[in-house]
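# what's the 3D shape of this:
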Amino acid sequence: MSKPTNKLTWVKARLGEDSNWWASEISDPIHWDVDGLGIIDPKQFQYMMELLDPLSDYGLKTELIEDAFYSFGIENFDKKEQIIHLKRIQDSILDSDELIFALPDVLDDDKGPYADFIDHITRLRIKLLNDLIDFSSKLTIEELEEDIRETQNQDFMEGRASHYFNEIVAILEYVPAGFVLDSDDEDDAGDDGSVDDELANVIPDSDVSEDGDEPLLADDTMKWDEDEEDASTDAFEETTSPPDEEADPV
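Predicted structure coming up:
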């Protein structure tokens, strides 16, 4: 379902220290508060869709996904300010050929499209877990919500902002403590490098953060591996050289 035209036409976003994208400015500041407004990037959206796929067997309604997010494409990247400019697009968020940044429709936190989407995937995740795990008593929605709320409260107490992507993944990967869901292929999900490659072409520095844990790109100053290898080879040659033939036997 396409969303009606309104004043939400562009968003400027910054990459946070947590490697998530956060809105810094928006075209409709009257209705939208950018404070804590997270945006789901293309790689995260792809991973989210992979986690949603198993729920198709339990009645996943794709129209709720369409309604829950505004779709944005990349307009340009301000390398100096480290700000990405996103433009609103009307393509289907599920079928677009562009790299999609997804902004949850949170204008109404409790009854809006994003809230409906969260409620829907929570119910389906519970159905999946009860189907695949032999609990002594059926797992309930309240148990899942309580566990996730506890984690969110802990993040809040430690000063970590809650991003929408983390909220969605927490639901879609939820398994009660003490249980293992063998059918979850979470380690393999999101390994496709195609989205990373496309993003790197548009946002060359998006994967580099001064304080983050992302791997650094090699340059001419990073030669310790080569130096250590040479030193190791020299030591090996020195300790394995043949003994002096003129030396007295022990």
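
# which sections of this protein are below the confidence cut-off?
Applying pLDDT under 70 to the chain flags residues 1-6, 159, 183-194, 201-202, 204-250.

# show me the helices in it, by range?
42-52, 62-68, 113-132, 141-157, 164-172, 194-202, 224-239 (DSSP state H).

# dump those to TSV, plus distance to residue 182 and mean neighbour count.
Placement of C-beta: from N, CA and C, glycine included. Putting those into TSV (distance: least, CB to CB, whole Å; neighbours: other CB atoms under 10 Å) gives the following:
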stretch	distance to residue 182	mean neighbour count
helix 42-52	16	19
helix 62-68	26	17
helix 113-132	8	18
helix 141-157	19	13
helix 164-172	16	19
helix 194-202	27	13
helix 224-239	38	9
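
# between these, which one is nearest to residue 20?
Closest of the helices of the chain to residue 20 is helix 164-172, at 6.5 Å (criterion: CB to CB).

# quick one, that closest one and helix 141-157 angle?
Helix 164-172 runs at 150 degrees relative to helix 141-157, counting by axes from the mean of the first three to the mean of the last three CA atoms, to 10 degrees.

# helix 164-172: how far from the chain's middle?
9 Å (CA atoms, centre = their mean, to the nearest Å).

# could you export the helices of the chain as JSON lines, including distance to residue 106?
Formatted as JSON lines, these follow (distance: least, CB to CB, whole Å):
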{"stretch": "helix 42-52", "distance to residue 106": "16"}
{"stretch": "helix 62-68", "distance to residue 106": "9"}
{"stretch": "helix 113-132", "distance to residue 106": "5"}
{"stretch": "helix 141-157", "distance to residue 106": "15"}
{"stretch": "helix 164-172", "distance to residue 106": "8"}
{"stretch": "helix 194-202", "distance to residue 106": "24"}
{"stretch": "helix 224-239", "distance to residue 106": "46"}
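
# which among the ones you listed is found nearest to residue 7?
helix 113-132 (17.6 Å).

# which other helices and strands contact the closest one?
Contacts defined by 3 or more CB pairs under 8 Å, 6 or more residues apart in numbering; DSSP states H and E place helix 113-132 against helix 62-68, helix 141-157, helix 164-172.

# how much space between the spatially most central residue of the chain and residue 146?
By CA atoms, centre = their mean, the chain has its centre lying nearest to residue 44, at 3.8 Å. Counting by CB to CB, to the nearest Å, the gap from residue 44 to residue 146 is 25 Å.

# and what of residue 60?
Distance from residue 60 to residue 146, by CB to CB: 24 Å.

# how about residue 175?
For residue 175 relative to residue 146 (CB to CB), the value is 15 Å.

# next: residue 32.
30 Å.

# kindly report the same for residue 71.
From residue 71 to residue 146 the distance is 32 Å (CB to CB).

# between the helices and strands packed on helix 113-132, which one is closest to residue 14.
Ranking the helices and strands packed on helix 113-132 by proximity to residue 14 (CB to CB) places helix 164-172 first, at 15.3 Å.

# for that closest one, packing partners?
helix 42-52, helix 113-132, helix 141-157.

# including distance to residue 179, could those helices go into a markdown table?
Output for the helices and strands packed on helix 164-172, formatted as a markdown table (distance: least, CB to CB, whole Å):
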| stretch | distance to residue 179 |
| --- | --- |
| helix 42-52 | 18 |
| helix 113-132 | 8 |
| helix 141-157 | 12 |
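
# that older thread, nearest to residue 92, of the helices of the chain?
Closest of the helices of the chain to residue 92 is helix 62-68, at 6.6 Å (criterion: CB to CB).
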